[in-house]
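Enquirer: Model the following, please.
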Amino acid sequence: MRLKHLTVAGFRGFNSARTIEFNDTLTLVSAPNSHGKTSITEALEFLLYGQTSKVESADSKDEYKDSYANRHYPAGQAAFVEAHFSDGQGAEVALRAEIDAQGTRRFVNGKPTEIWPFGDQMSKSARPFVVQHALKKLLLAAPSQRFQGFAEVLGLRDVDEMQQVLVNLCTKPEAQIPSEARKLLDDLSVFDVRLRALKETTPIAKALAQGSGNVAEAFERLHARGLKLVGRKVPEAGLSAALVELRNAAAAKVYSGSVAIKVLGAQEQQRLSAAGERIEGAMKPEFAQRYARLAVGDVSDRLRKEFQFLGLGIELVADAPDNCPFCEQSITQGIRGHAKERREALLAKVGSGPDLGTLRAQMSASLRELADSLSAHSALLAGRSSDVIAANTPESAKKITALFGKGNEHGLMLIAAAGASIGQEPRNSVYSLKF
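Expert: Numbering: from 1, shown residues only. Model (predicted):
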């Protein structure tokens, strides 16, 4: 679309209607200061986007409040900006935005509209406006912000974001690696260490270190090594399971137990989740509020008892208004009125909620539920870790040390720490961190 002419009335510096014609190739606007050059640009920007960049980038929403409409424009008339465009096929499109006390209204060829027909395309394109305040802001900005500002003006925001990603990748590569990729790198690092720990598998590690071109060769060597260990022909898909079975059989000759954390079944997982939810539910703010009320219960309970006592007396005195229902002494209308006022005052203080005894019973029930949930939660976790706990004995320590071999004592330290922290009597742990 090509801009043909623009009419501005009552907007910014124009207090009367003014039409500016635009040349098909280039239009230059020249005038002294404060003669409306910036207002022309802002009028077109406001028409297309509903807001000027000056207002959009203001430090406060009220900084340029009501700055669009010219205050000298005749009252009762709607200020407007109207532009006529040619669509390149000879057809002309008129866009108009009117401003009054109710807000802004838009029209396309005289018909009201909420958004421009090309609104989706505009949201994906850069704003082709660099007015005086924006240019000043760009020139005074820091170099990095200046680059970002020009990139946005030129429609290169995606390029700027890509450049920032590349800079981050070069300066802080670790922080940019996805968690799945980081885990894969960690697993490969452990794999490399294990390959280099044995003379027979060191060539495999060296082959992998030379790049992806040697992966096939490394795999063949690794596969041959696996078949040699198993001692029989095994399908490729079943080789890993055969090696695990061989490892477990060899380890069982030294230590028949396990140091693995068990995987909970579906039912156990549901029970664990349910216990966790009950624990979390018991610790909601309502729990703390009830506990706090019990902490000051001596005072409030006395007031509540007085409230109940007065209520009973007022109920009984209705049958014999001239005598106290408790001591049978004479009472006057003033005393009866004072009793009612006192009861209303107590009601305002202590409310009409449950008494202290009821609160204590509720708190006891909540504490019992919390204790049961904690026990169930602890039992499930302990069952999951029972093998680690069982390994926390002097006899098991010797066998596990023999399995790990010299130089791998840190593994035994981890087992000792885990067993001591989740065991029933962690202070009696036989392991120490002397290694």
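Enquirer: from here on, contacts and neighbour counts on C-alpha atoms
Expert: Noted.
Enquirer: what stretches of the stretch 201-350 of the chain score poorly on pLDDT?
Expert: 255-261, 293, 295-300, 350 (pLDDT under 70).
Enquirer: Quick check: phi and psi on Phe107?
Expert: phi -140, psi 140 (degrees, to the nearest 10).
Enquirer: and if you look at Gly337?
Expert: Given degrees, to the nearest 10, the pair of backbone angles that Gly337 has is phi -70, psi -40.
Enquirer: Confirm for me that Val8 is in contact with Lys37.
Expert: No: in this structure, Val8 is not within contact of Lys37 by C-alpha atoms under 8 Å, at 12.0 Å.
Enquirer: The two: which is more packed in?
Expert: Val8 (25 against 16; other C-alpha atoms under 10 Å).
Enquirer: Just list whatever residues bridge to that one.
Expert: On the basis of DSSP bridges, Val8 is bridged to Arg18, Val81.
Enquirer: so how far is the longest helix along the chain off the chain centroid?
Expert: Counting by DSSP state H, the longest helix found in the chain is helix 356-384. Offset of helix 356-384 from its chain centre (C-alpha atoms, centre = their mean, to the nearest Å): 31 Å.
Enquirer: Now do the shared contacts for Val8 and Lys37.
Expert: Residues touching both Val8 and Lys37 by C-alpha atoms under 8 Å, 6 or more residues apart in numbering: none at all.
Enquirer: any idea how far Ala218 is from Ser212?
Expert: As for Ser212, its distance to Ala218 is 10 Å (criterion: C-alpha to C-alpha, to the nearest Å).
Enquirer: Neighbour count: the two, which is higher?
Expert: It is Ala218, of Ser212 and Ala218, that has more neighbours when counted by other C-alpha under 10 Å, with 20 against 11.
Enquirer: these two touch, right, the more buried one and Leu208?
Expert: Yes: using C-alpha under 8 Å, Ala218 is in contact with Leu208, at 6.2 Å.
Enquirer: what are the bridge partners for the spatially closest residue to Val108 that is not a sequence neighbour, then?
Expert: In space, and not counting its chain neighbours, Val108 is closest to Leu95: 4.9 Å by C-alpha to C-alpha, 6 or more residues apart in numbering. Counting by DSSP bridges, Leu95 is bridged to Ala83, Val108.
Enquirer: Tell me, how many residues neighbour Leu95?
Expert: Neighbours of Leu95 under the rule other C-alpha under 10 Å: 20.
Enquirer: Spit out the contact partners of it.
Expert: Per C-alpha under 8 Å, 6+ apart, neighbours of Leu95: Leu47, Glu82, Ala83, His84, Arg106, Phe107, Val108, Asn109.
Enquirer: Among those, name the buried ones.
Expert: Neighbour counting by 16 or more other C-alpha atoms under 10 Å classes Leu47, Glu82, Ala83, His84, Arg106, Phe107, Val108 among the contacts of Leu95 as buried.
Enquirer: biggest separation within those residues, which pair?
Expert: The distance between the two most remote of these (C-alpha to C-alpha) is 13.8 Å, for His84 and Arg106.
Enquirer: so where do the helices sit in the stretch 101-250 of the chain?
Expert: 119-123, 132-140, 143-153, 157-171, 173-176, 179-196, 202-209, 215-230, 239-252 (DSSP state H, counting those that start in this stretch).
Enquirer: how about the ones you listed, which one is nearest Cys327?
Expert: Of all the helices of the stretch 101-250 of the chain, helix 179-196 comes closest under C-alpha to C-alpha, at 80.2 Å.
Enquirer: Pull out the buried residues from that closest one.
Expert: Asp192, Leu195.
Enquirer: same for that helix, what does it pack against?
Expert: Counting contacts by 3 or more C-alpha pairs under 8 Å, 6 or more residues apart in numbering; DSSP states H and E, helix 179-196 is packed against helix 202-209.
Enquirer: what's the angle from the helix it packs on to helix 215-230?
Expert: 160 degrees (axes from the mean of the first three to the mean of the last three C-alpha atoms, to 10 degrees).
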